[in-house]
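Novice: fold the stuff below for me.
(chains A and B)
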Amino acid sequence: MIPSLKGRETQMQTVYRPGGKRHESSASDWVPTTCRMCLVGCGVLVHMQNHKVVNVIGNPDSPINRGRICAKGKSGIMNHYNPNRITKPLKRTNSEKGIGIDPKWQEISWEEAIETISSKMRKIHQEDPRKLYLQTWGGSQEFTTWLGVLRPAFGTPYVQTGVSPSCGKTVHSIQFLVAGGFHQEPDLAHCKYLIDCGTQMGVATREGFNHQVPDCAKARERGLKLVVVDPIGNNAAAKADEWLPIRPGTDAAFGMGMLNVLLNEARIFDAEYLKHFTNAAYLVGAKGKFVRDPATGKPLLYDQGDGKVKTYDDPTLNDPLLEGEVEAQGKKAKPAFEFVKARAAEYPAERVEEITSIPAKTLRRIGREFGAAAQIGATIRIDGVDVPYRPVCLDWDRGPQGHKHAWHHTWALAMVNVVLGAVNVVGSIHSTDSASNFPIKKWVEAGQDGILMSGGSTHRGGGHFTAFPGRTPTRPERWDLFELFPVAAHTRTLVPEVYKDPGKWGIDHKIEMVIHSPGNQVMAGWGDVQAVVNWYKSIDLVVGFAVEINETHELDDIVIPMRTYMEEGCFDDSSVYPFPAVAGEAVGFCQIQQGVVEPPEGVRSVGEVMTEIYQRVGILDEVYQALNNVKGLQPAYSLELGKRYSMEEVSDRIAKSRFGAEYGWNWFKENGVLVWPRSVDERYPGRFIKARIALYLENFIERGEELGAVLKEMGLAWDLSDYEPLPHWRPCESYEKMRRGEIDAVGVNYKLPYAYGAHGNANPWINELCEKLPHSYGALINKRLAQKKGIKDGDPIWLESPVKKVRAVARVTECVHPEVIGIAGNAGHWAKGKPLSMGKGVNFNGLLPYGFEVIDVISSALDQCAPLKVYKA
Amino acid sequence: MARLGFTVDLERCVGCMGCVIACKAENGTPPSIHWMKVLEREEGEFPYARRTFTPVRCNHCANPPCLTACPTGAIVKRADGIVAVDQDVCIGTMACMTACPYYVPYRWDGEDGYFGKELVPYEEEKYSKFKKGTAQKCHFCYHRIDEGRPPACVESCPADALNYGDLDDPESRVNSLLRQKKHFQPRQELGTNPSLFYLTGKGGGTVGGGR
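Specialist: So this is what the prediction gives:
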């Protein structure tokens, strides 16, 4: 059942594997585990000498990184040995809380810490479980497992999964819509034309850097064309065939412009795919709604084969009409695709140029090139099976998600792939973890209206909800106003906004307790830091797990020391639930995270601490019951109620339940990674999924109408024009301010390959890099804007947003849009517990205005175009 | 006779700094010392501008000026072409620093670790190899070479931009790359005959950039 990766290793000529058996010499060992320096989770081998960590190398057995490991992963050695870490529970003695206010920490016993937390939780459990708010973090699975479980086990709806305001805001929703997966990445092994829009796929960052970069480098060498659409001339732009600097917040116009070139000018689209795998042929009648069969309520389409109007699932359906107008139920009706084309026609290249600053002729050329490269109709044989071959991918991620109209920006871009039939097939964009046959059978199926139905990722404790069909909105009872965002994946962005006036929303309970991971929610979780701090200050008991004291911990009441990822062990069920997957990869895999070094005396694992707390609260049975469900444990390995298990025992049960008695915790400790072959349908599930993609989001009309009624009842007047079935570009506030000349530039955040994800600048090796490299801690400013402002390279400058004014160092460059200030990573720390990163670089999120007016009414994404005035300091 | 050399593919390099840190993690170089660096520059004018990434390190020249200049004989050239500093012999005259046209060797006078005076366990283990006041530079991970392993930078490079091999063996990986791609040696005109070749692509692309 489980072959080795031997065949693959021949491709990895430069990878050395310290072979032989482990434990050959007691002084030196290579221990397989998972890197946790970011949420990706690459397989690593930690080199131990005399019980000290002396090196970390990539584990060649792990398909996610194939023996490679990035700068940050290697730097984990210094995170582990960080002398600023805490090893004893701490209690705040200063009742005043705020930025820069010394908490006056006092060391307390574990008993006092655990009892304080348990008694508060017990009280909340008896009164109202919704008073507990949890913040987990993709960077550490212990939190996902042991805090996430409280949603089913405790009854609180508040399980925050990521940290950043744009994290997964629309990307997961769109994966749920198009294929039922979670993340997206191109099948780089076959792709021929890659457009990166607001992301650096294949060059820097993203969920799988260490396999995407080699695949993309190889692809570039064989002729893949890389076009980077981004306000910043970043690392990806450096390696691109073309960099198209785009005005921030205009991605939807670019996407719609591409659609217009493809559908209306070049007339390139995958008609067969659209007819049979999407709802593009469904007939649309009055008010944009589908014409439905009166008897069954099913949407109708027109079959050109026999000239009859039929339901979408009629067994005689042969050739649905995609373009034109027909009569259905005595009225004129058009296929949804006609509306897609008509909407696209509102974006001729000249208009797109005005909005985006990308020249019309460039857009037309790129659109036609991209369409031609899609090779509509082509197939390729993979392992004896003919699979559609569409070697083009328009990838997008963080950039287009961080806007007031995030949904429309990202859905417009996603549609470019869909109309070309380039989804989850060879060479196209992939929705990773979309389908699997082993060890868990997972295939999305057709549901309401024949549409692909995904359960989202809500089956693990926390998680994201799907946008189809969405939920019926009601008056809110939750702090995140989840009820008023009927198609959003999650709405945690709203919490500090609601705090400003909970009564206004009719919220009847208070958040009395927060337990958070070290994900640094205060600094990176929302925008305007003061709004976040105000909410944290209102909470009776804030408990944080910490390796070192970051900006969020400075507001804590109790801090619990935690193990580093080199000390912590759990059966890694990965952030990409249920298993990590690589687009088109021939093997599936599962790998372990295990303790490599002994933790400092007394420092327990998160799971152990929480188990002790759950036992004292009296909910351990409920927790085990929920874990049995969440982890899908088979009866022989389920956690028995009334017992208490160690973390090793829990891991052993999960492993054996999934892979059989032979592959328990000890097998994984020794071998690290388990791989198994994936069949063609799992690798390229696109046409194997028997369901249609909701290209035309009819459900948005109904959800919007329902929402309008609820809001009216509440006396609120929101602009709900975004609740429409097809994408449209609408400007965000910064765009308008620029147009009116009220600001000098729009602040844009971008990522550095060596500081991606969590744990950045407080690491001395990374900090040293950032100090030596020209751009990392500086503010990028285009030469033209710099000249206009009398700013020279290296000058101190002020960046002034409506909520914050910060001093920065100007880096005058040609590699940034002239209307943009580029700010990298998550810098500008102020926590005393992270002395190395204090005061270096700019805290981008802190510049962002925060409030309802800058939050997407569909997805609840926070607008990340920082309106800035820029001048010499 | 073997002559070990590197190829650095400027088209493939993505500027991720993986090699810089891989070198540091492997060799445990103290604060401020990077045997492996990636220079970030930019070329062109907006909107046709781009950042460029150029990995630099000791070129292990066939005719190393540092070796000739060293008055103590601390710089040695191994039979396989690796040029290394013997720290037990080096007294820190830094004649090598002046002689090297590539600004490679420099002197380490530090004492502290990355977190100050007190060294962390990793540093205790690693820094014992370094002698204060001596010349520092890349030694081609000769300890790995002797075990048949690639240098740390080559092993970690996610873009496969770095490769190494025997320049005297026509079938070696580096020679097959040199046959496939345009290339140049840094400051070839000086006659140092560096064992490092920058690959600039079969399409004859711009040095240090894309195509």
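
Novice: ok, longest helix in the chain?
Specialist: This is for chain A. Counting residues, the longest helix found in chain A (DSSP state H) is helix A:110-127.

Novice: that's the wrong chain, I meant chain B
Specialist: Chain B, longest helix under DSSP H: helix B:18-27.

Novice: which residues does the following helix or strand past the longest helix of chain A contact?
Specialist: As assigned by DSSP states H and E, the chain's next helix or strand after helix A:110-127 is strand A:132-135. In this structure, residues lying in contact with strand A:132-135 by C-beta atoms under 8 Å, 6 or more residues apart in numbering or on different chains are A:121, A:124, A:147-148, A:150, A:154, A:156, A:158-160, A:163, A:462, A:479, A:495, A:511-517, A:519, A:521, A:525, A:539. All C-beta atoms are positioned from the backbone trio N, CA, C, and that covers glycine.

Novice: how near is the residue most central in space within chain B to chain A?
Specialist: In chain B, the residue lying closest to the centroid (C-alpha atoms, centre = their mean) is residue B:57, at 2.7 Å. Distance of residue B:57 to chain A, computed by C-beta to the nearest C-beta, to the nearest Å: 15 Å.

Novice: isn't that residue up against residue B:37?
Specialist: Yes: here residue B:57 reaches residue B:37: they are 6.8 Å apart, a contact under C-beta atoms under 8 Å.

Novice: which ones are touching the closest residue to residue B:141 other than its chain neighbours?
Specialist: Using C-beta to C-beta, 6 or more residues apart in numbering or on different chains and skipping the chain neighbours, the partner closest in space to residue B:141 is residue B:151 (3.8 Å). By C-beta under 8 Å, 6+ apart, the residues touching residue B:151 are B:6, B:140, B:141, B:144, B:145, B:164.

Novice: and of those, the nearest to residue A:628?
Specialist: residue B:144 (47.5 Å; C-beta to C-beta).

Novice: what mean pLDDT does the strand or helix carrying the closest one get?
Specialist: Element membership of residue B:144, judged by DSSP H and E, is helix B:142-145. Mean per-residue pLDDT for helix B:142-145: 93.

Novice: check which residues of it are buried.
Specialist: By neighbour count with 16 or more other C-beta atoms under 10 Å in any protein chain shown, helix B:142-145 contains the buried residues B:142, B:144, B:145.

Novice: ok, and what's touching the longest helix of chain A?
Specialist: Contacts for helix A:110-127 (C-beta under 8 Å, 6+ apart): A:89, A:91, A:131-132, A:154-155, A:512-513, A:515, A:540-541, A:543, A:558, A:560, A:602, A:604, A:609, A:612-613, A:616-619.

Novice: stretch A:610-624: end-to-end distance?
Specialist: 12 Å (C-alpha to C-alpha, to the nearest Å).

Novice: what sits up against it?
Specialist: Against stretch A:610-624 from outside (C-beta under 8 Å, 6+ apart): A:114-115, A:117-118, A:121-122, A:125, A:146-147, A:149-150, A:153-154, A:639-645.

Novice: please, a PyMOL command that selects the buried ones among those?
Specialist: To isolate the buried ones among the contacts of stretch A:610-624 in PyMOL, judged by 16+ other C-beta under 10 Å, type:
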select buried, chain A and resi 114+117+118+121+125+146+147+149+150+153+154+639+645
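
Novice: please name the bridge partners of residue A:809.
Specialist: Beta-bridge partners of residue A:809, counted by DSSP bridges, are residue A:796.

Novice: so it sits against residue A:778, correct?
Specialist: Yes: with contact defined as C-beta under 8 Å, residue A:809 counts as touching residue A:778 (4.7 Å).

Novice: which one of those two has more residues nearby?
Specialist: residue A:778 (23 against 16; other C-beta atoms under 10 Å in any protein chain shown).

Novice: so what's the residue count around the residue nearest to the more buried one when sequence neighbours are not counted?
Specialist: Leaving aside its sequence neighbours, residue A:778 sits nearest to residue A:811 (C-beta to C-beta, 6+ apart; 3.5 Å). Applying other C-beta under 10 Å, we find 23 residues neighbouring residue A:811.

Novice: does residue A:811 touch residue A:776 like I think?
Specialist: No: look at residue A:811 against residue A:776 with C-beta under 8 Å: they stay out of range, at 9.3 Å.

Novice: ok, of the contacts of helix A:110-127, which come out buried?
Specialist: A:89, A:91, A:131-132, A:154, A:512-513, A:515, A:541, A:543, A:558, A:560, A:604, A:609, A:612-613, A:616-617, A:619.

Novice: name the residues of the host helix or strand of the residue nearest to residue A:778 that come out as buried.
Specialist: Per DSSP H and E, residue A:811 falls inside strand A:805-813. Buried positions in strand A:805-813, judged by neighbour count with 16+ other C-beta under 10 Å: A:806, A:808, A:809, A:810, A:811, A:812, A:813.

Novice: could you tell me the end-to-end distance of stretch A:624-636?
Specialist: Counting by C-alpha to C-alpha: the opening and closing residues of stretch A:624-636 are 14 Å apart.

Novice: so which bits of it are buried?
Specialist: A:624, A:625, A:626, A:627, A:628, A:630, A:631, A:633.

Novice: one more: stretch B:126-137?
Specialist: B:126, B:127, B:130, B:131, B:134, B:135, B:136, B:137.

Novice: what's the most distant pair in the residues you listed?
Specialist: Across those (C-beta to C-beta), the longest gap, 18.2 Å, separates B:126 and B:135.

Novice: and the longest helix of chain B, is it in reach of chain A?
Specialist: Yes: using C-beta under 8 Å from any C-beta of the partner chain, we find that helix B:18-27 touches chain A at B:18, B:20, B:21, B:22, B:24, B:25, B:26.

Novice: the fourth one: how many residues sit nearby?
Specialist: Other residues within reach of residue B:22, judged by other C-beta under 10 Å, total 30.

Novice: now do the strands in chain B.
Specialist: For chain B, the strands defined by DSSP state E cover B:4-9, B:37-43, B:50-56, B:75-77, B:83-85, B:106-108, B:134-136, B:162-166, B:182-184, B:196-201.

Novice: quick one: the first one to strand B:50-56, angle?
Specialist: Relative orientation of strand B:4-9 with respect to strand B:50-56: 170 degrees, computed using axes from the mean of the first three to the mean of the last three C-alpha atoms, to 10 degrees.
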